[in-house]
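Asker: Here's my sequence, what's the structure:
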Amino acid sequence: MSIQPEALHLRIRKGDRRAEEELSLFLRNTFRKDYLKTLGPLADDYLQELLIQVVQGIRQNKVEHPEKLIPYCRSLAANIRIDGLRSAASAARRLVPLEEGKNRQSSGNIESELILAQQLDTVLKLIELLDPVSGEIIRRYYFEDQSAWRIQSDMGLTEVEFRGRKGRAVRKLRDDHQAMAQKWRTIPGGRQSGGFKLAA
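Answerer: So this is what the prediction gives:
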C-alpha cells in the first residue's frame, strides 16, 4: 500500500482518525510479515505499539518534515521488533531453561538476534501444544504481563484454579522443552546454536 506522507502527516497532526486508520493499514502491510516471523502471535500487539508511537512522534514534532515519515516508521519498527523480541525471549526464559548466545550483549549482532528468535519460536510452539485455557493463561501472564487477578476475572477462574493450571502448564513446558532438547542432542545436525528445533 502506498501513502502520501505529506498529506498523512498533516492530517494526523490535526487529529484525523481516518488518517490514523490509513497509517495503521500501511504499517500492517509493511511490517506484519516480518513481525509474525520473529514475534509469532505477539506480532499484532507490537504493531499496535508501533502505530501508537508513530502517531505520538508526529504530534510531538519528532517527525518535523513529512518526507521523513517513512524512514521514521522503518527505524521505529526495527527498534520495536528488537525490543519485543528481547522482552518475549526474556519471558520465555522465565518459563523454561534456555541457553544464552555468546554475543547477546551486542545489540547489533545478527547471530544474537537469530538465537533470540529461535528460543522464542521454540517456546511459543510448545505453548501451542497446551490446552487452550492453559495456553491463554501462560501467554497473558508471562508474555503480556497481565495480573493474576485480571486473568482470573476475565476467564472465570478461582485463585486456586488459576494457580493450579498455571503451575501444571509451566511444569509441562519445562518437561517438554527438556525432552525435546535431549532428543535433538541425539540426532546429528539436530542441535542449533542457542536453541533447538522442533520435530516436524
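Asker: Every contact and neighbour count from this point should use C-alpha atoms.
Answerer: Fine.
Asker: any idea which element residue 124 lies in?
Answerer: helix 110-128 (DSSP states H and E).
Asker: Can you name the element that comes right after that helix?
Answerer: Per DSSP H and E, the first helix or strand lying C-terminal to helix 110-128 is helix 132-138.
Asker: Report the buried residues of that following helix.
Answerer: By neighbour count on 16 or more other Cα atoms under 10 Å, the buried set for helix 132-138 is 134, 135, 136, 137, 138.
Asker: which outside residues touch the next helix or strand after it?
Answerer: Counting by DSSP H and E, the element after helix 132-138 in chain order, helix or strand, is helix 148-155. Counting contacts by Cα atoms under 8 Å, 6 or more residues apart in numbering, the residues outside helix 148-155 that touch it are 137, 140, 141, 157, 158, 159, 162.
Asker: which of the residues you listed lies closest to residue 69?
Answerer: Relative to residue 69, the closest of these is residue 140; by Cα to Cα it sits at 32.9 Å.
Asker: Could you check the pLDDT of the closest residue to the closest one other than its chain neighbours?
Answerer: Computed as Cα to Cα, 6 or more residues apart in numbering, the closest residue to residue 140 that is not its neighbour in sequence is residue 146, at 5.6 Å. If you check residue 146, the pLDDT there is 88.
Asker: How many neighbouring residues does residue 146 have?
Answerer: 14 (other Cα atoms under 10 Å).
Asker: Then residue 127?
Answerer: Neighbours around residue 127, by other Cα under 10 Å: 21.
Asker: repeat for residue 73
Answerer: Neighbour number of residue 73 under other Cα under 10 Å is 22.
Asker: same check, this time on the one 5 residues further on
Answerer: Other residues near residue 78 come to 15 when the count uses other Cα under 10 Å.
Asker: quick one: it and residue 46, what's the gap?
Answerer: Noted for residue 78: a distance of 11 Å to residue 46, by Cα to Cα, to the nearest Å.
Asker: Same question for residue 94.
Answerer: According to Cα to Cα, residue 94 stands 20 Å off from residue 46.
Asker: More neighbours: which of those two?
Answerer: The neighbour count for residue 94 versus residue 46, taken as other Cα under 10 Å, is higher for residue 46 (20 against 12).
Asker: Name the helix or strand for the more buried one, please.
Answerer: Here residue 46 is assigned to helix 43-59, by DSSP H and E.
Asker: For that helix, which residues meet the burial criterion?
Answerer: 43, 46, 47, 50, 51, 53, 54, 55, 57, 58, 59.
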